[in-house]
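In: build me a structure from this.
(one chain, ligands or ions: 2)
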Amino acid sequence: MTPPVVLTIAGSDSGAGAGIQADLKVFAALRSYGTSVLTAVTAQNTLGVAGVFPLPPDVVTAQVDAVLADFAVRAVKTGVLGTPEIASAVAERARDGLLPNLVVDPVLVSTSGHRLGAVAVVERLLPYAMVATPNRAEAEALLGRRVSSRSDLADAARDLASGGPRYVVVTGGDLPDEAESVDALWTGTEVQLLPGPRVATGNTHGTGCSFSAAIAVRLGLGDAVPQAVRFAKEYVAGALVGARRWRLGGGSGPLDHFGWHR
Ligand SMILES: Nc1ncnc2c1ncn2[C@@H]1O[C@H](COP(=O)(O)OP(=O)(O)O)[C@@H](O)[C@H]1O
Ligand SMILES: Cc1ncc(COP(=O)(O)O)c(N)n1
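Out: Ligands and ions are numbered 1, 2, ... in the order given. Here you go, the predicted model:
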């Protein structure tokens, strides 16, 4: 059977644990055909980000238009956007209804703590998102207040929906909790707390990218959003378990996207 087509609009990670490279691995692992539009090149490894080099906006739109002209794209995710101009160019395609099942990962900071985006940039795209997937720190930046407990995650998910996204998942990967990694999903009518077992590992580079990419695949396959989010959470947890003893690079290493440990 022909696989469903999904699209990532994101930045390149030279270390290949996050960004476009992670997205394409997730797409392939979950049996979809991944297409990719590059917004920026990062010089990056597991230790940190040495540089972010955005592409000109017309180079981004030329890629988007080339993909959309030829493929029946079923779902789209965005990661690093690079500049306000790129965000506006992508938002224009979204406004024209060309980016179905849009999952916006409002990337602002890398796991290694480096700045990869700005609030004013991601805010241009959030109104068009079917699902937004900020992590705790991104939710703090977008709302301008502390998000430091489970109930804060829940409130943040609900409040961020007023910026436009139909569904919001605030991920709590870095909330201090030894037993669980909990996310909060706003469904449009209520908040659902999604607990999952916490994997004891330092190899968490690319968790957020992989999570949003997996949501996009499942939406492309026809899942409802809550179903897609639950699936993605389990997928990421499995990929964290698989890579917990890997030693790739000297910092926070990448995930086992293909389930090689099994
Ligand atoms: N150590 C962990 N064990 C289990 N799940 C995790 C762990 N770290 C992150 N996750 C999950 O990975 C997904 C991405 O979340 P998060 O790590 O917060 O994103 P980001 O990489 O953007 O900071 C969420 O579903 C979160 O609960
Ligand atoms: C190009 C690029 N995009 C996104 C991230 C965020 O990574 P994470 O998923 O670990 O938050 C990254 N480090 N690099």
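In: so which bits of the protein are right by ligand 2?
Out: For the chain, the residues in contact with ligand 2 (CB under 6 Å from any ligand atom) are 10-11, 13, 18-19, 42, 44, 79-80, 107, 110-111, 116, 205-209. All C-beta spots, glycine's among them, are computed from the backbone N, C-alpha and C.
In: mind checking which of the residues you listed are in strands?
Out: Using DSSP state E, the subset of the residues of the chain next to ligand 2 located in strands is 10-11, 13, 42, 44.
In: just give the nearest non-adjacent residue to the residue in the stretch 1-150 of the chain that ligand 2 sits nearest to, would you?
Out: Closest to ligand 2 within the stretch 1-150 of the chain is Gly19: 2.8 Å, counting by CB to the nearest ligand atom. Of all residues not flanking Gly19 in the chain, Asp13 sits nearest, at 3.6 Å (CB to CB, 6 or more residues apart in numbering).
In: any idea what that neighbour is bridged to?
Out: Counting by DSSP bridges, Asp13 forms beta bridges with Thr42.
In: how about it, what does it touch?
Out: Applying CB atoms under 8 Å, 6 or more residues apart in numbering, we find Asp13 in contact with 19-22, 42, 44, 206.
In: also Ser14?
Out: Counting by CB under 8 Å, 6+ apart, Ser14 touches 41-45.
In: report the buried members of the residues you listed.
Out: 41-42, 44-45 (16 or more other CB atoms under 10 Å).
In: contacts only, for Val76.
Out: By CB under 8 Å, 6+ apart, Val76 lies in contact with 6-9, 99-103, 216.
In: for Val121, state which of those is nearest.
Out: Ile9 (12.9 Å; CB to CB).
In: what comes up buried for the lengthiest helix in the chain?
Out: Ordering each helix of the chain by length in residues (DSSP state H) puts helix 225-242 first. For helix 225-242, the neighbour count (16+ other CB under 10 Å) marks 225, 228-233, 235-242 as buried.
In: Gly242 and Arg262 touch, don't they?
Out: Yes. Under the criterion of CB atoms under 8 Å, Gly242 makes contact with Arg262 at 7.1 Å.
In: can you map out the helices along the stretch 51-200 of the chain?
Out: Taking DSSP state H, counting those that start in this stretch, the helices of the stretch 51-200 of the chain run over residues 57-70, 84-95, 119-122, 136-143, 150-160.
In: want to throw those into a markdown table with mean pLDDT, mean neighbour count and distance to Glu178?
Out: Below are the helices of the stretch 51-200 of the chain laid out as a markdown table (pLDDT from 0 to 100; neighbours: other CB atoms under 10 Å; distance: least, CB to CB, whole Å):
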| stretch | mean pLDDT | mean neighbour count | distance to Glu178 |
| --- | --- | --- | --- |
| helix 57-70 | 98 | 15 | 42 |
| helix 84-95 | 97 | 20 | 37 |
| helix 119-122 | 94 | 17 | 31 |
| helix 136-143 | 95 | 21 | 16 |
| helix 150-160 | 97 | 20 | 14 |
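In: now render those helices as CSV, adding distance to Ser32.
Out: As requested, the helices of the stretch 51-200 of the chain are arranged in CSV below (distance: least, CB to CB, whole Å):
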stretch, distance to Ser32
helix 57-70, 14
helix 84-95, 20
helix 119-122, 24
helix 136-143, 25
helix 150-160, 26
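In: the ones you listed: which one's closest to Tyr128?
Out: Among the helices of the stretch 51-200 of the chain, helix 84-95 comes nearest to Tyr128, with 3.6 Å by CB to CB.
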